[in-house]
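A.B. asks: sequence first, then the predicted structure:
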Amino acid sequence: MSEIPRGRCETHDGDSHLLRFAVELSHPLPEVWEAVATPEGLEGWLCAADPLEPRLGGRVTLRWLNGDTVVSGRVTAWDPEYVAEYTVDPTHGRIRFHLEPGAPGGGGSTVLRFTNELRATREYRLDCLAGWHDHFELLADALDGDRTDWASWSPERWKQLRALYERDEAPWPKWEP
């Protein structure tokens, strides 16, 4: 299992949150783009995407394969190979994948800067931090050729991460890009 850096949260106005992850993946940018911006790629680690119209304003419906969550909305930013952003129902808010080449000499790695802007209770915010962390571990595995077998998926890792985020929640360090 790949080491994924901890996500961070910025809270504004009490229940408005911006979750952030910065993940360096040891795969070239086109491979990571395929994983975060196509139905085939997303299904290997996150959700089924049908439809996913790959253009600004396009329709998107995401159906999580480890539960019964289905959200619909629009593609609110689209810069092929660099930015895929989906704004869906208020519960999941704005989900943004921003890709950039990894450090020079990084062997073709990619940095994924992820944000999820949403309104949520403390409990749901912690659920989301753990959920995204879990999914980014699955993303790293999928990029290594080990796509998620959703029929055998278990919430055990998510529960471990949820407890970790809850234990270490206060005070949140300032996020540095």
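C.D. replies: Nice, I can see it. Values in this document were obtained by computation on a predicted structure and should not be read as measured data.
A.B. asks: so where's the chain shaky on pLDDT?
C.D. replies: Residues of the chain that meet the criterion pLDDT under 70 lie in 1-2, 105-106, 170-177.
A.B. asks: pick out the residue nearest the middle of this structure.
C.D. replies: For the chain, the residue nearest the mean C-alpha position is residue 132 (5.0 Å; C-alpha atoms, centre = their mean).
A.B. asks: secondary structure element for that residue?
C.D. replies: Following DSSP states H and E, one finds residue 132 within helix 122-143.
A.B. asks: other SSEs contacting that helix?
C.D. replies: When contacts are defined as 3 or more C-beta pairs under 8 Å, 6 or more residues apart in numbering; DSSP states H and E, helix 122-143 packs onto strand 8-12, strand 16-25, helix 29-37, strand 110-119, helix 156-167. (Glycine included, C-beta is placed from N, CA and C.)
A.B. asks: now with 10 Å?
C.D. replies: Other helices and strands packing on helix 122-143, by 3 or more C-beta pairs under 10 Å, 6 or more residues apart in numbering; DSSP states H and E, are strand 8-12, strand 16-25, helix 29-37, helix 39-43, strand 110-119, helix 156-167.
A.B. asks: mean neighbour count for the ones you listed - can I get that in a markdown table?
C.D. replies: Formatted as a markdown table, the helices and strands packed on helix 122-143 follow (neighbours: other C-beta atoms under 10 Å):
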| stretch | mean neighbour count |
| --- | --- |
| strand 8-12 | 14 |
| strand 16-25 | 20 |
| helix 29-37 | 20 |
| helix 39-43 | 18 |
| strand 110-119 | 19 |
| helix 156-167 | 15 |
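A.B. asks: among these, which is nearest residue 97?
C.D. replies: Between residue 97 and the helices and strands packed on helix 122-143, the shortest gap by C-beta to C-beta is with helix 29-37, which sits at 4.2 Å.
A.B. asks: from the chain's centre, how far out does that closest one sit?
C.D. replies: On the basis of C-alpha atoms, centre = their mean, to the nearest Å, helix 29-37 sits 13 Å off its chain's mean C-alpha point.
A.B. asks: one more: stretch 35-53?
C.D. replies: Its chain's average C-alpha position is 12 Å from that of stretch 35-53, according to C-alpha atoms, centre = their mean.
A.B. asks: span of that stretch from start to end?
C.D. replies: End-to-end distance for stretch 35-53, by C-alpha to C-alpha, to the nearest Å: 15 Å.
A.B. asks: just to revisit the earlier point, tell me how far the helix holding residue 132 lies from the chain's centre.
C.D. replies: On the basis of C-alpha atoms, centre = their mean, helix 122-143 sits 7 Å off its chain's mean C-alpha point.
A.B. asks: so which bits of that helix are buried?
C.D. replies: Buried residues in helix 122-143, counted by 16 or more other C-beta atoms under 10 Å: 125-143.
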